[in-house]
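**Student:** generate coordinates for the sequence data below:
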Amino acid sequence: MADRRGAGVALRVMVLTTACLAWSPAARAHDAHPSPARIESVACVGTYRTTWTPGLSFTTRPTRVSTAERYTCADSSGKVSEAAGSFEGTLPASCLGLNTSPFREVVRYADGRESVIEYTSNIRARVGAASLIKLEGAVIKGHAKGQHAFRTAQLLHTDLPTACLSPDGLRQGTGLAELYIGPPNRGAADGAGDLSTGPEAREPLTPP
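**Tutor:** Predicted coordinates:
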């Protein structure tokens, strides 16, 4: 299983690297109206873990949310490196949903740089046993400041029906995350994981 997951991550990195290179200055040198500023693009794939304190139930209440992500990222030059993302905050939350707009994620790269992202909109969908969450915002500080940011998260509902009804509530969740930072072209993010727009998209969701 670990080998298959590693192969999947490697494939995702290769695909997202291609997307980044497509937006690199060299690739766009023949555009009719090239931008005078260097375009900084970053594409990341990885996993994340979120904890909720107190645990989530079907009653909305202030909840401490802590999310930690481990990414493998590729930049516009094709360089691949590791990064870590994090979010800490107290938000109204329940098993029926979480208000995640706006909130900030800090991404720290292996070379010491970091990007502070503020997400201002989200789209949620439920497909079978998984919740898909797509967040959109911009880098407000640090590396790639001013660029758009798109984050797609996938979370499996393995114990949701029972945990939300238990005294302790739903206390943690894990899943896959993909992050694209760059020009406002959603191709890289959308290719990473399209969200359902059918009737299932209106079902209650677990927050990221």
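**Student:** can you give me the strands in this protein?
**Tutor:** 42-56, 61-75, 80-94, 97-98, 103-109, 114-127, 130-142, 148-156, 170-182 (DSSP state E).
**Student:** nearest to Ala163, of those strands?
**Tutor:** Of all these, strand 170-182 sits nearest to Ala163, with 4.0 Å by Cβ to Cβ. From N, CA and C alone the C-beta is placed, and that goes for glycine too.
**Student:** now do that closest one and strand 114-127, the angle between them.
**Tutor:** With axes from the mean of the first three to the mean of the last three Cα atoms, to 10 degrees applied, the angle from strand 170-182 to strand 114-127 works out at 120 degrees.
**Student:** packing partners for strand 170-182?
**Tutor:** On a contact count with 3 or more Cβ pairs under 8 Å, 6 or more residues apart in numbering; DSSP states H and E, strand 170-182 meets helix 2-22, strand 42-56, strand 61-75, strand 148-156, helix 160-163, helix 187-192.
**Student:** quick one: low-confidence ranges for the protein?
**Tutor:** In the predicted model, the chain carries pLDDT under 70 at residues 1-39, 98-101, 126-129, 157-161, 185-208.
**Student:** now with 50, please.
**Tutor:** When residues are selected by pLDDT under 50, those of the chain lie in 1-2, 4-11, 13-15, 17-36, 186-207.
**Student:** redo the strands of the chain as a markdown table? Include mean neighbour count.
**Tutor:** Below are the strands of the chain laid out as a markdown table (neighbours: other Cβ atoms under 10 Å):
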| stretch | mean neighbour count |
| --- | --- |
| strand 42-56 | 21 |
| strand 61-75 | 18 |
| strand 80-94 | 16 |
| strand 97-98 | 20 |
| strand 103-109 | 19 |
| strand 114-127 | 18 |
| strand 130-142 | 20 |
| strand 148-156 | 22 |
| strand 170-182 | 22 |
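**Student:** mind putting the ones you listed into CSV with distance to Ala163?
**Tutor:** Formatted as CSV, the strands of the chain follow (distance: least, Cβ to Cβ, whole Å):
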stretch, distance to Ala163
strand 42-56, 7
strand 61-75, 14
strand 80-94, 12
strand 97-98, 15
strand 103-109, 23
strand 114-127, 16
strand 130-142, 14
strand 148-156, 13
strand 170-182, 4
